[in-house]
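Enquirer: model this:
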Amino acid sequence: MSPTAAGSPAPQPPAESTTLLWLGLAGAISVIAALLTGMLAHPDGFSLAGAVLAGGGAFATSLGLAIAVLQAARKL
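Expert: Take a look at the predicted model:
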């Protein structure tokens, strides 16, 4: 008899909606990091284009790190 036939359900992976919520949270935190970076870079002497570029770099970096952490936590 297999373990699922004995009445105990097999472990299920996290629901798709939970994964989407975590990705949404990671995206929101990345947007906040990008906005703060841009707002701090502009008064520090960056041009508007330079501040936007710095914010974009902060967004890409923080989103990449967040996705890496989510993938690592999923494998635990």
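Enquirer: need the contact list for the residue nearest to residue 56 when sequence neighbours are not counted.
Expert: Nearest residue to residue 56, sequence neighbours excluded (CB to CB, 6 or more residues apart in numbering): residue 34, at 6.6 Å. (Glycine included, C-beta is placed from N, CA and C.) Residue 34 is in contact with 55-56, 58-59, 62, counting by CB atoms under 8 Å, 6 or more residues apart in numbering.
Enquirer: Just the buried residues of the residues you listed.
Expert: Neighbour counting by 16 or more other CB atoms under 10 Å classes 55, 58-59, 62 among these as buried.
Enquirer: Just those residues: which are in helices?
Expert: 55, 58-59, 62 (DSSP state H).
Enquirer: ok, of those, which one's closest to residue 44?
Expert: The closest of those to residue 44 turns out to be residue 55 (CB to CB; 12.7 Å).
Enquirer: now that closest one, nearest residue through space, not along the chain?
Expert: Closest to residue 55 by CB to CB, 6+ apart is residue 38, at 3.4 Å.
Enquirer: Sticking with that neighbour, tell me its helix or strand.
Expert: helix 16-41 (DSSP states H and E).
Enquirer: Can you pull out the low-pLDDT segments for this structure?
Expert: 1-7, 12-15 (pLDDT under 70).
Enquirer: middle-most residue in it, spatially?
Expert: residue 26 (2.7 Å; CA atoms, centre = their mean).
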